[in-house]
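Student: no FASTA, just this:
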């Protein structure tokens, strides 16, 4: 237990309100939550201690006599936030940068953060803190007390316990010098008690409750009670009016529920119709997709048939060309046959001449006979060739008739083929 906690526990009076600027330790928090008959206001700038205070507040059932605020205290706030040096060990954080504390406790590490500013002046008014009744202020701000404490705050409390230092443990100036000056200007006597663990010291200032001020205070409290009674009477009248308004509101709510129920039923009907229309729309979309697919398929087959018909036209042209070549060959063969016939006639004449001259020249006759046999052999071959060509011409003529019939059938089934053929022509 710290010396400061022993000091505040040893005070003879029971304070009506306690303002704590920085609890610093868990022991201090436990003592504050034990003051169930006292209004306690804790302004805690250190994050770790604030979290512990909040957890203890929830564990105690959130007592109404306890108010916890997180931030740096100032009498009148000139800004919404300020920098704050947070220590890795709870109880050693401050708004001022660390100075001598580093040499006293070298293991400490600090992190600079932004902290909210809590204004003290409205708290004094809210909780009626004045010297007319016992009020206690405890400050453990590691040097920050020199920027938030002034004569108005010091005079508002009957009991003041402030932990400070004769050395600039945080910041460049010694906080004790300004604290002593404030006590002197307020005309308050104080007692400086050194902590068992340096470099801190505790400054304690007490004063009795002013009787005249207390009388004025209680007179004001009586007036406040009368005003309160009148306000309560007005409140009861307002509550009666509120009850009537509540009944009317309840009736309106019932009507609203009826309208709402009807609206919901109508919405359900509309939703069912919407669902049905959606189903019909999906069915129509499906039919459209099927028709589109069928149309694409028909178009595909149309293009395939068109290509096939164009191929047939091309094949027919090739056949006609081949037929023309065959006719030319037949004509050439006919010319050859005519030539052979003429040759045969000439050979016959020669044979007759040879018979007449046979007696005269047997050897010549034998040679002519051999030539004649050769010509006859060649004639037979030409005749067989002519028969083969005539047979081939007959087959080609038959196939051309079939192709012509098939092509006329195609033109009758697919008129676009005829138009394509005309265009090509």
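Tutor: It's in. Treat the numbers as computed from the prediction; the structure is a model and nothing was measured.

Student: Tell me how this structure divides into domains.
Tutor: 3-209, 318-424 (automatic domain parsing).

Student: now, of these, which is deepest in the fold?
Tutor: domain 3-209 (a mean of 17; mean count of other CB atoms under 10 Å). (Each C-beta comes from the backbone N, C-alpha and C, glycine too.)

Student: Residue 196: what's it in contact with?
Tutor: Neighbour list for residue 196: residue 3 [criterion: CB atoms under 8 Å, 6 or more residues apart in numbering].

Student: One more: residue 382?
Tutor: Applying CB under 8 Å, 6+ apart, the residues near residue 382 are 333, 336-337, 340.

Student: one more time with 10 Å
Tutor: Contacts for residue 382 (CB atoms under 10 Å, 6 or more residues apart in numbering) come out as 333, 336-337, 339-340.

Student: hang on, residue 23 in a strand?
Tutor: No - read with DSSP: H, G, I helix; E, B strand; the rest coil, residue 23 is coil and lies in no strand.

Student: Isn't it up against residue 31?
Tutor: Yes - between residue 23 and residue 31 there is a contact at 9.2 Å, judged by CB atoms under 10 Å.

Student: Give me the helices and strands touching the lengthiest strand in the chain, please.
Tutor: Counting residues, the longest strand found in the chain (DSSP state E) is strand 110-119. Packing partners of strand 110-119 (3 or more CB pairs under 10 Å, 6 or more residues apart in numbering; DSSP states H and E): strand 39-44, helix 47-59, strand 66-70, strand 72-74, strand 81-87, helix 145-148.

Student: Give me the next element, helix or strand, following it.
Tutor: Reading on from strand 110-119 to the C-terminus, the next helix or strand found by DSSP states H and E is helix 121-126.

Student: chain center to that next one: distance?
Tutor: In this view, helix 121-126 has its centroid 46 Å away from the chain centroid, taken as CA atoms, centre = their mean, to the nearest Å.

Student: Show me what the helix or strand just after that helix is packed against.
Tutor: Downstream of helix 121-126, the first helix or strand assigned by DSSP H and E is strand 135-139. Contact partners of strand 135-139 among helices and strands, from 3+ CB pairs under 10 Å, 6+ apart: helix 3-9, strand 17-21, strand 39-44, helix 151-156, strand 159-165, strand 200-206.

Student: between the last one and strand 159-165, how many degrees?
Tutor: Note on geometry: by axes from the mean of the first three to the mean of the last three CA atoms, to 10 degrees, strand 200-206 and strand 159-165 are set 160 degrees apart in direction.

Student: and if you look at the third one?
Tutor: Taking the same axes, to 10 degrees, strand 39-44 and strand 159-165 form an angle of 20 degrees between their directions.

Student: Check which helices and strands strand 39-44 sits against.
Tutor: Using 3+ CB pairs under 10 Å, 6+ apart: strand 39-44 touches strand 17-21, helix 26-34, helix 47-59, strand 66-70, strand 72-74, strand 110-119, helix 121-126, strand 135-139.

Student: can you put these in TSV and add distance to residue 282 and mean pLDDT?
Tutor: What follows is the helices and strands packed on strand 39-44, written out as TSV (distance: least, CB to CB, whole Å; pLDDT from 0 to 100):
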stretch	distance to residue 282	mean pLDDT
strand 17-21	71	95
helix 26-34	67	93
helix 47-59	56	95
strand 66-70	59	95
strand 72-74	66	92
strand 110-119	59	94
helix 121-126	66	90
strand 135-139	76	93
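
Student: now those in a markdown table, with distance to residue 237?
Tutor: Output for the helices and strands packed on strand 39-44, formatted as a markdown table (distance: least, CB to CB, whole Å):
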| stretch | distance to residue 237 |
| --- | --- |
| strand 17-21 | 33 |
| helix 26-34 | 40 |
| helix 47-59 | 37 |
| strand 66-70 | 32 |
| strand 72-74 | 42 |
| strand 110-119 | 37 |
| helix 121-126 | 28 |
| strand 135-139 | 37 |
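
Student: Can you say which of these is nearest to residue 156?
Tutor: Nearest of the helices and strands packed on strand 39-44 to residue 156, taken as CB to CB: helix 121-126 at 5.7 Å.

Student: Outside of that closest one itself, list whatever touches it.
Tutor: Contacts for helix 121-126 (CB under 10 Å, 6+ apart): 17, 19, 39, 41, 43, 67, 69, 73-77, 129-130, 135, 152-153, 156-157.

Student: tell me what the longest helix anywhere in the chain is packed against?
Tutor: In the chain, taking DSSP state H as the definition, the longest helix is helix 211-356. Using 3+ CB pairs under 10 Å, 6+ apart, the elements in contact with helix 211-356 are helix 362-413, helix 415-424.

Student: go with 6 Å
Tutor: helix 362-413 (3 or more CB pairs under 6 Å, 6 or more residues apart in numbering; DSSP states H and E).

Student: Can you say which of the helices and strands packed on strand 135-139 is nearest to residue 408?
Tutor: The nearest among the helices and strands packed on strand 135-139, by CB to CB, is strand 39-44 at 108.4 Å.

Student: Give the pairing partners of the closest one; include direction for each.
Tutor: With DSSP bridges as the test, strand 39-44 is paired with strand 17-21 (parallel), strand 66-70 (parallel).

Student: Nice, that's everything, thank you.
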